[in-house]
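**Q** kindly generate the corresponding structure for this input.
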Amino acid sequence: MSVNIFIDGQEGTTGLRILERFAGRDDINLLQIDTALRKDANERKKLIQASDYTILCLPDAAAREAVALAEDAPVRIIDASTAHRTNPDWAYGFPELSPAHREKIAGSNRVAVPGCYASGFNSLAYPMVASGLMPADYPVQCFAVSGYSGGGKKMIAEVEASDSAPEVHSPRFYGLANNHKHLPEMQAISGLSRKPMFTPIVDDYYNGMVVSIPVQAAIAGKAVSPKEIHAMFTEHYAGCNFVKVMPLLEEADMTALRISSNDLRDTNMMEIFVCGSEEQVLLCSRLDNLGKGASGAAVQCLNIMMGADETTGLL
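**A** Here you go, the predicted model:
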């Protein structure tokens with residue numbers, strides 16, 4: 001038996017990718033809105049309330065409006081915006097973080113899909129804090145590089161324009177006031193007591209990202225070996241379909257290692273790397289900002305909520 005699904009905002013980058021992942025599925029029935037009425041509150045309300053599941057691919061204000069439009073209808077909502085990610089009444093849509101996260105997703109009527117940078121960050125920071133290998137008050141520095149699709153339609157158009165400025169085709173730092181929109185969930189979900197210092201970089205390729213966290217023994221107050229950290233991550237993510245802890249390399253092989261940022265493009269996979277020494281450890285998480293960092297995560301959460309195989313429609 002199929003369920004009725006409405007995607008509010010399916011014309012955006014995330015919505016279109018979700019539609020691609022629904023191709024060939026016979027367990028869902030997509031409710032379509034007339035293009036001319038896609039911003040009409042009454043038409044959206046009708047489809048939201050007629051659906052079993054509504055997926056929101058909207059700006060924050062419109063996402064909040066959509067939730068209000070649901071009123072008391074028994075619709076289960078998956079929100080890909082920033083609007084509800086730190087709301088304790090909503091499940092945080094990263095099932096691999098812990099059994100409790102997965103259980104809450106499965107039973108919740110409201111699920112917030114994590115941000116792409118936040119997914120990479122929390123895949124590293126949450127287990128480190130939860131295991132006690134990183135103090136909750138550790139002053140975390142995070143550097144990350146992402147493809148330009150993470151900037152949405154405006155940035156995509158800017159980079160792909162025939163008359164684009166030369167500077168858009170080079171790596172660019174941004175969010176330099178340490179006010180990136182993902183920071184609240186990065187701190188709240190990771191369990192850190194201090195806001196991380198986050199330096200994002202956007203580069204001239206479409207999709208894929210690497211998020212990194214350096215951990216220094218001199219600051220943490222203790223040395224923790226890469227072997228110990230790697231063992232913790234291996235246990236934490238054991239049995240996960242979409243999160244893979246990469247083999248721990250010898251120092252010579254680490255020196256030669258190059259972690260490219262778009263190897264996992266168009267998949268829902270995430271890879272965890274542990275590098276360095278007891279004095280300085282570098283943690284890296286590689287994922288697709290449009291996959292595990294957006295549309296793939298939304299579909300994975302939907303599958304879990306439906307009681308379906310979580311890998312359905314995902315690579």
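**Q** in the stretch 1-150 of the chain, which spans are strands?
**A** Remark: strands assigned in the stretch 1-150 of the chain by DSSP state E, counting those that start in this stretch are 3-8, 28-31, 53-56, 76-79, 91-92, 110-112, 141-147.
**Q** other SSEs contacting the second one?
**A** Contacts of strand 28-31 with other secondary structure elements, assessed using 3 or more Cβ pairs under 8 Å, 6 or more residues apart in numbering; DSSP states H and E, are made with strand 3-8, helix 13-22. Glycine gets a C-beta too; all of them are placed from N, C-alpha and C.
**Q** what do you get for the first one?
**A** Secondary-structure packing of strand 3-8 (3+ Cβ pairs under 8 Å, 6+ apart): helix 13-22, strand 28-31, helix 41-50, strand 53-56.
**Q** do the third one as well
**A** Helices and strands in packing contact with strand 53-56 are listed as strand 3-8, helix 60-70, strand 76-79, helix 296-306; criterion 3+ Cβ pairs under 8 Å, 6+ apart.
**Q** hang on, the earlier thing: would JSON lines of the helices and strands packed on strand 3-8 with mean pLDDT be doable?
**A** Listed next are those as JSON lines, based on pLDDT from 0 to 100:
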{"stretch": "helix 13-22", "mean pLDDT": "91"}
{"stretch": "strand 28-31", "mean pLDDT": "94"}
{"stretch": "helix 41-50", "mean pLDDT": "94"}
{"stretch": "strand 53-56", "mean pLDDT": "97"}
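**Q** for residue 173, find the nearest of the ones you listed.
**A** Between residue 173 and the helices and strands packed on strand 3-8, the shortest separation by Cβ to Cβ is 22.3 Å, and it involves helix 13-22.
**Q** now the helices for the stretch 101-250 of the chain?
**A** 116-131, 152-160, 183-190, 217-220, 226-236 (DSSP state H, counting those that start in this stretch).
**Q** most packed of the helices and strands packed on strand 3-8?
**A** strand 53-56 (a mean of 26; mean count of other Cβ atoms under 10 Å).
**Q** need the contact partners of that one.
**A** 3-9, 15, 18, 47-48, 62-63, 66-67, 70, 75-81, 298, 302, 305-306 (Cβ atoms under 8 Å, 6 or more residues apart in numbering).
**Q** can you count the residues close to residue 153?
**A** Residue 153 has 11 neighbours, counted by other Cβ atoms under 10 Å.
**Q** got it, and residue 268?
**A** Neighbour count of residue 268, defined by other Cβ under 10 Å: 25.
**Q** ditto for residue 277
**A** The number of residues packed near residue 277 is 13, by other Cβ under 10 Å.
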